[in-house]
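Chemist: Predicted model, plus sequence, below.
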Amino acid sequence: MSDITIRPIDYARDASALKAFLGERDKMRLEHCEDAVKDGDCFIFVAEEDGVAVGWVAVHTNFREDQDWTPPVDDDTRDFQAGDNAYAENIEVTARARSGGIGRQLMAAAQDEARKRGKKTLWLHTAENNSLAHALFDREGWTHERSVFPPWKPTSRMRIYKKVL
């Protein structure tokens, strides 16, 4: 098995490598998060295998209007990034590296960092039909709080998961 390193993002080093496997919307997220990361309102960890980026997780610790939240911004979006809450906006691992524990390592690093920043709860949304993600979150002690049709994706049922840190 190859060595996996989980580390904070270095935009100069990582942006093009991440964009090689991210979809268009996530490429935009990556760009929009750069100022938030610099300001300490967001953190991103990159999973690297043999020197190549194979995954990422982006976590928001303070709500910012400049993060392309699709209007109307719902209460969950604001609440999940306020006070002692943090919001895992995105986690992705390349198709070839999935099922090898990288997602679990990224989420563990995200939880540790959120805890260090004084957060007590981590939140996320995942598609109702994403059974691989559900299995990971269930196995790792997350709680499925409820399912919703969020205003930013009104035709897709999403699960809201919560992890007490």
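Modeler: Thanks, I have the structure now. Bear in mind the structure is a predicted one, so any value in this text is a computation, not a measurement.
Chemist: can you give me the helices for the protein?
Modeler: 11-19, 24-39, 75-79, 102-116, 131-139 (DSSP state H).
Chemist: Just the residues contacting the first one, thanks.
Modeler: Spelled out, that is helix 11-19. Helix 11-19 has contacts (C-beta atoms under 8 Å, 6 or more residues apart in numbering) with 27, 30-31, 34, 37, 46, 52-53, 56. Heads up, the C-betas are built off the backbone N, CA and C, glycines and all.
Chemist: What of the fourth one?
Modeler: Surrounding helix 102-116, the residues in contact under the criterion C-beta under 8 Å, 6+ apart are 4, 6, 43, 45, 47, 49, 54-57, 59, 61, 86, 88, 91, 93, 122, 136, 140, 163, 165.
Chemist: For it, list every residue counted as buried.
Modeler: Across helix 102-116, burial judged by 16 or more other C-beta atoms under 10 Å covers 102-103, 105-107, 109-111, 113-114.
Chemist: Could you single out the nearest of these to F80?
Modeler: A114 (11.6 Å; C-beta to C-beta).
Chemist: Test for you: state the pLDDT assigned to the closest one.
Modeler: Per-residue confidence at A114 stands at 98 (pLDDT).
Chemist: so what's the nearest residue to it once chain neighbours are set aside bridging to?
Modeler: Excluding the flanking residues, the one nearest A114 by C-beta to C-beta, 6 or more residues apart in numbering is A86, at 4.3 Å. Here A86 sits in beta bridges with L122, going by DSSP bridges.
Chemist: What residues does A86 make contact with?
Modeler: Contacts of A86 by C-beta under 8 Å, 6+ apart are 59-61, 80, 114, 117, 119, 121-123.
Chemist: Including distance to G23, could those go into CSV?
Modeler: Below are the contacts of A86 laid out as CSV (distance: C-beta to C-beta, whole Å):
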residue, distance to G23
V59, 19
H60, 19
T61, 24
F80, 22
A114, 25
R117, 28
K119, 27
T121, 28
L122, 23
W123, 22
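Chemist: which of those count as buried?
Modeler: Buried by 16+ other C-beta under 10 Å: 59-61, 80, 114, 119, 122-123, out of the contacts of A86.
Chemist: Distance to F21 for those residues - can I get that in TSV?
Modeler: Conversion of the buried ones among the contacts of A86 to TSV gives the following (distance: C-beta to C-beta, whole Å):
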residue	distance to F21
V59	19
H60	21
T61	25
F80	26
A114	24
K119	28
L122	24
W123	25
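Chemist: Dump the buried residues of helix 102-116 to TSV, plus distance to N129.
Modeler: Formatted as TSV, the buried residues of helix 102-116 follow (distance: C-beta to C-beta, whole Å):
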residue	distance to N129
I102	22
G103	17
Q105	24
L106	21
M107	20
A109	26
A110	23
Q111	25
E113	29
A114	27
